[in-house]
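Participant: Based on what follows, work out the 3D shape:
(one chain, ligands or ions: 2)
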Amino acid sequence: MVDYSVDRNLAILGINNPPVNALSFHVREGLFNGIKQANADRRVEAIVITGKGKTYCSGADIREFSIPSAGKGLVTLGHRIEDSDKPVISAIHGNALGGGLEIALFSHYRVANKNAKIGFPEVLIGLLPGAEGTIRLPRVTGLAFAMDAIASGRRFDAQEAHKHGILDTICDGDVLQEAKAFSKKIIGQPLDQRRLSKTHVKDAADVDIKFEEALAQIKRKYRGLIAPILCLKSVRNSAKMSFDEAAAEEMRLFGELLTSSQSIGLRYSFFAERSAPKWKLPCGACADNTTPVDVKTTGVIGAGTMGSGIAVCLIRAGIPVILVEKNQKMLDQAIKTISRILTGSVKLNRMTEKQREHSLKLLKGASTLDELAGVDMVIEAVYENLELKREIFHQLDKICKSSTLLCSNTSTLDIDNIASATQRPDKVVGTHFFAPAYIMRLLENVYGTKTSPTTVATVMELGKRIGKICVLVKTCYAFVANRTNQPFGAEASFMVEEGALPQDVDTVLENFGMPMGPFKVSDLSGIDVGWRIRQEVAKALGLKLTLETRYRMGERITTLADRLYEMGRYGIKTGKGWYRYEPTNPRKPIPDPDVAKMIQKHCMDMGIERRNIPAQEVIERCLFSAINESFRVLEQRIAEKPEDIDVIWQYGFSFPRYGGGPMFYASQVGLKKVFEKICIFHEQFPYSSHWVPSDLLRKLASHSTEIPMDKWTQFISSSKL
Ligand SMILES: CCCCCCCCCCCCCC(=O)CC(=O)SCCNC(=O)CCNC(=O)[C@H](O)C(C)(C)COP(=O)(O)OP(=O)(O)OC[C@H]1O[C@@H](n2cnc3c(N)ncnc32)[C@H](O)[C@@H]1OP(=O)(O)O
Ligand SMILES: NC(=O)C1=CN([C@@H]2O[C@H](COP(=O)(O)OP(=O)(O)OC[C@H]3O[C@@H](n4cnc5c(N)ncnc54)[C@H](O)[C@@H]3O)[C@@H](O)[C@H]2O)C=CC1
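Facilitator: Numbers count the residues shown, from 1 in each chain. Ligands and ions are numbered 1, 2, ... in the order given. Reported below is the predicted structural model:
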């Protein structure tokens, strides 16, 4: 794991632990022994630590954090490096992150390639740089930079690191050659001033002011997170305590964070996000054994909310788009909107004016499907109407070249049904973007019974190319995202009917960590949008809708949202919805007594007795109903693994990353407890089918010990596969 070699008067310690050269136990051991060996070797005058392959070192091995006190050896190793009698140079290329940067700060000198990326990303997994990173960095850079870098976890480039004194020199070419040349200048120089533990924080006198400034910013930016605050406190200690005291306190804080539920959730999320793109189909095809086709040109049909957003995603990534819209006015409007969105990106420094101009040149408006004959992929985003979509796919099948992939952005409809309107069901797939498509990172790709592995590989690859987090799911009504979210929203509304007010439910869920409660979200996305969907569904089922009912087709429903619609309260767009909005601050929701009155009257008319709904009940009814449906989705193999559902909730519904997602949350609460509560709710609310306990959950909960998440799918009965 560490290759030791001697080149003339230099010992070269090459970290060799692909793919990211994490500091696993054997790497730490190898470096420790290497330093010892080099110090004992008479030929050696200086030591170079470098990384084999693409990178220097990306930090501690995060998987080892679940082993008690696993990271301890890093500090011991660091002291061995700093105490070395012979100068140690870290030669950095690729990444020097977390523990990797700490190894560099234990070294006496640091040289780097100009493309190297440096940083302390520990805070992103709920930790702090616990191998003296918070004590050493301020000694090099001063307090302001150290506080910002450590509490934000951002990666910065070699130029910035050099400017702040982290790097002694930067080179264009091979960093090992640079380190060799550099060693000639420093061999024989005294080392004490190069040992950071012997130095002081230069701007220590300003520590209180800088701490308060940074703390105020952190509290605004990272509401509810503990790690950024402890990062700041530890940097403050570096200026207020002796080196050894601050280091001891850092280790204590690190231990506190390591066992915190936030860090456990964030570490889970780190790996869940990386596991989601590793798709697998029931036929055995998977990401590793399937090659995607190259998508050079695309078409998008429907220039409404979603079509425009999807077009932005594609042209921004350099992929040409023909945007087909039957309504010329809509098309003109969409092209203006797209241009405005890109101008916004320039203002936010996310692209240059030149890139904006280039992107816009990749967009072409059109009014007929015929224009799509030669494109490699079409994404359809017209109204959510099965007959309309089937007709469009039928036409596309005739117009497009035989290799064209036909994708639908449908949010609920069966992909098999849409595919059956074509002669190429193997090339039909769902690509479910989330609104606004140019902002939301999730892409829920949906395969049908006949979708080919190549088609799946292609949409997964395209998603990655346009910067999305892709999750693959199997077709069913509403797929995974909307299907598992539906009970969450329904329970929120039922609780308003039973006694809570919209703001009560929103506040509880926001305190839980959701950035916005469901009623604020509903006002944002438009109460008219949901109303239109309900009308469409009713039309398709031949139902006549009325406001004076509590049940539809044997299921409990609530007509509160329809009442708001009837009152012309469509949400933010009309200045009134579940909340009211002042023209002076049109996005700030203000609880509205008129809504409370409407709710009370509705309850009186329907004979519903209102009661106090405790916060715990709000959390349990919203989350446990979603969890129950998630287990059903897993059981039916609509989702391949629990992590996929959690990633969908994080990136589709902004579930707090530190909470992991509904499945991880269930694992933390304990499946037995979750199951028992679901059974109680099922008895209490027999007309909501989302409370019928999932078989898989029942089975897992019946075990005397908790079954770990990676084993859950093994309990799906073979008849369900
Ligand atoms: C009560 C007890 C008290 C005990 C006290 C003990 C005190 C001990 C002090 C210990 C101090 C430890 C201090 C410390 O500073 C801790 C750290 O260093 S934490 C780690 C910091 N580093 C990171 O967070 C980097 C995370 N990785 C990334 O950001 C990206 O992976 C990276 C930019 C490096 C590369 O990106 P990319 O090329 O896109 O590749 P992937 O992200 O897909 O990754 C490829 C592959 O590698 C896995 N992986 C990446 N990083 C790590 C890692 N650090 N550890 C383990 N595994 C890692 C990743 O999961 C992928 O593998 P998959 O199999 O695909 O999942
Ligand atoms: N709005 C949302 O939040 C989300 C919507 N979706 C799905 O995306 C699809 C589109 O939804 P929206 O963009 O919201 O709808 P929208 O109503 O904003 O836009 C639909 C557009 O399609 C156009 N259109 C209709 N028939 C056409 C045809 N034959 N040829 C060309 N253009 C045609 C319409 O003129 C309209 O401009 C739906 O399937 C919806 O379920 C998916 C995720 C989120």
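Participant: Next one: Ser238 from ligand 2, what distance?
Facilitator: 48 Å (CB to the nearest ligand atom, to the nearest Å). Every C-beta, even on glycine, is put in place using the N, C-alpha and C of the backbone.
Participant: Then Leu396?
Facilitator: 11 Å.
Participant: Give me the three-state assignment for the closest residue to that residue other than its chain neighbours.
Facilitator: Distance criterion CB to CB, 6 or more residues apart in numbering; nearest residue to Leu396, sequence neighbours excluded, is Leu406 at 5.5 Å. Here Leu406 takes the strand state, with states given by DSSP: H, G, I helix; E, B strand; the rest coil.
Participant: Can you get me a residue count around Leu406?
Facilitator: 26 (other CB atoms under 10 Å).
Participant: Who does it form a beta bridge with?
Facilitator: Val378, Val428 (DSSP bridges).
Participant: Now do the same for it: its pLDDT.
Facilitator: Leu406 carries a pLDDT value of 98.
Participant: what's the answer for Leu547, then?
Facilitator: Confidence for Leu547, expressed as pLDDT, is 88.
Participant: what about it, is that helix, strand or coil?
Facilitator: coil.
Participant: show me what contacts it?
Facilitator: Thr559, Asp562, Arg563, Glu566 (CB atoms under 8 Å, 6 or more residues apart in numbering).
Participant: If any of those residues are buried, give me the ChimeraX selection for them.
Facilitator: Here is the ChimeraX command that picks out the buried ones among the contacts of Leu547, judged by 16 or more other CB atoms under 10 Å:
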select :559,562,563
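Participant: Count the residues that sit near the residue nearest to Asp370 when sequence neighbours are not counted.
Facilitator: Leaving aside its chain neighbours, Asp370 sits nearest to Ile399 (5.9 Å; criterion: CB to CB, 6+ apart). When neighbours are counted by other CB under 10 Å, Ile399 registers 17.
Participant: What are the neighbouring residues in contact with Ile399?
Facilitator: Leu369, Asp370, Leu372, Ala373.
Participant: ok, now how distant is it from ligand 2?
Facilitator: Counting by CB to the nearest ligand atom, the gap from Ile399 to ligand 2 is 12 Å.
Participant: Same list, the contacts of Ile399, but as JSON lines with neighbour count please.
Facilitator: Shown next, in JSON lines, are the contacts of Ile399 (neighbours: other CB atoms under 10 Å):
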{"residue": "Leu369", "neighbour count": "20"}
{"residue": "Asp370", "neighbour count": "11"}
{"residue": "Leu372", "neighbour count": "24"}
{"residue": "Ala373", "neighbour count": "14"}
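Participant: quick check, nearest of those to Ala204?
Facilitator: Taking CB to CB as the measure, Ala204 lies nearest Leu372 of those, at 65.3 Å.
Participant: who touches the residue nearest to that closest one when sequence neighbours are not counted in this structure?
Facilitator: Excluding the flanking residues, the one nearest Leu372 by CB to CB, 6+ apart is Gly299, at 4.0 Å. Listed by CB under 8 Å, 6+ apart, the contact set of Gly299 reads Val321, Ile322, Leu323, Val324, Glu371, Leu372, Val375, Met377, Val378, Ile379.
Participant: Give the burial count for the last one, as a bare number.
Facilitator: Counted with other CB under 10 Å, residues neighbouring Ile379 total 27.
Participant: Hmm, it is touching Thr431, no?
Facilitator: Yes: with contact defined as CB atoms under 8 Å, Ile379 counts as touching Thr431 (5.7 Å).
Participant: what do the two both touch?
Facilitator: Common neighbours of Ile379 and Thr431 (CB under 8 Å, 6+ apart) are Cys407, Ser408, Asn409.
Participant: Export those to TSV and append columns for neighbour count and distance to ligand 1.
Facilitator: Shown next, in TSV, are the shared contacts of Ile379 and Thr431 (neighbours: other CB atoms under 10 Å; distance: CB to the nearest ligand atom, whole Å):
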residue	neighbour count	distance to ligand 1
Cys407	29	25
Ser408	24	29
Asn409	23	27
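Participant: quick check, nearest of the residues you listed to Glu620?
Facilitator: Once CB to CB is applied, the member of the shared contacts of Ile379 and Thr431 that ends up nearest Glu620 is Asn409, at 33.4 Å.
Participant: I figured that closest one was touching Ala311, is that so?
Facilitator: No: using CB under 8 Å, Asn409 makes no contact with Ala311, being 11.5 Å away.
Participant: burial count for the closest residue to Asp192 other than its chain neighbours?
Facilitator: Using CB to CB, 6+ apart and skipping residues adjacent in sequence, the residue nearest Asp192 is Lys198, 5.5 Å away. A total of 12 residues lie near Lys198 under the criterion other CB under 10 Å.
Participant: The helix or strand containing Lys233 vs ligand 1: in contact?
Facilitator: Here Lys233 sits within helix 227-240, counting by DSSP states H and E. No: counting by CB under 6 Å from any ligand atom, ligand 1 is not contacted by helix 227-240; separation bottoms out at 11.2 Å.
Participant: How far does that helix sit from its chain's centre?
Facilitator: In terms of CA atoms, centre = their mean, to the nearest Å, the centre of helix 227-240 is found 27 Å from the chain centre.
Participant: what ranges do the helices span in the stretch 501-650 of the chain?
Facilitator: With DSSP state H, counting those that start in this stretch as the criterion, the stretch 501-650 of the chain has helices at 502-512, 518-525, 527-541, 560-566, 593-606, 615-635, 642-653.
Participant: For those helices, which has the smallest mean pLDDT value?
Facilitator: helix 527-541 (a mean of 86).
Participant: and stretch 417-435, how far out from the chain's middle?
Facilitator: Distance, centroid of stretch 417-435 to centroid of chain: 26 Å (CA atoms, centre = their mean).
Participant: what about that stretch, start to end distance?
Facilitator: 24 Å (CA to CA, to the nearest Å).
Participant: tell me the mean pLDDT over it?
Facilitator: 98.
Participant: Stretch 647-657 vs ligand 1: in contact?
Facilitator: No: judged by CB under 6 Å from any ligand atom, stretch 647-657 stays clear of ligand 1, getting no closer than 12.8 Å.
Participant: I'd like the distance between the residue of the chain most remote from its centre and Ala11.
Facilitator: Distance from the C-alpha centroid of the chain peaks at Arg42, with 51.1 Å (CA atoms, centre = their mean). The gap separating Arg42 from Ala11 is 11 Å, by CB to CB, to the nearest Å.
Participant: Ok, Leu124 next?
Facilitator: 34 Å.
Participant: buried set for stretch 292-306?
Facilitator: Neighbour count says stretch 292-306 has Pro292, Val293, Val295, Thr297, Thr298, Gly299, Val300, Ile301, Gly302, Ala303, Thr305, Met306 buried, by 16+ other CB under 10 Å.
Participant: Phi, psi for the second one please.
Facilitator: Listed backbone geometry of Val293 is phi -90, psi 160, with angles given as degrees, to the nearest 10.
Participant: from now on call the first residue 217
Facilitator: Understood, numbering begins at 217; the last thing we discussed is Val509.
Participant: Give me the pLDDT for the nearest residue to it once chain neighbours are set aside.
Facilitator: Sequence neighbours aside, Thr674 is the residue nearest to Val509 in space, at 5.1 Å (criterion: CB to CB, 6+ apart). What the model reports as pLDDT for Thr674 is 98.
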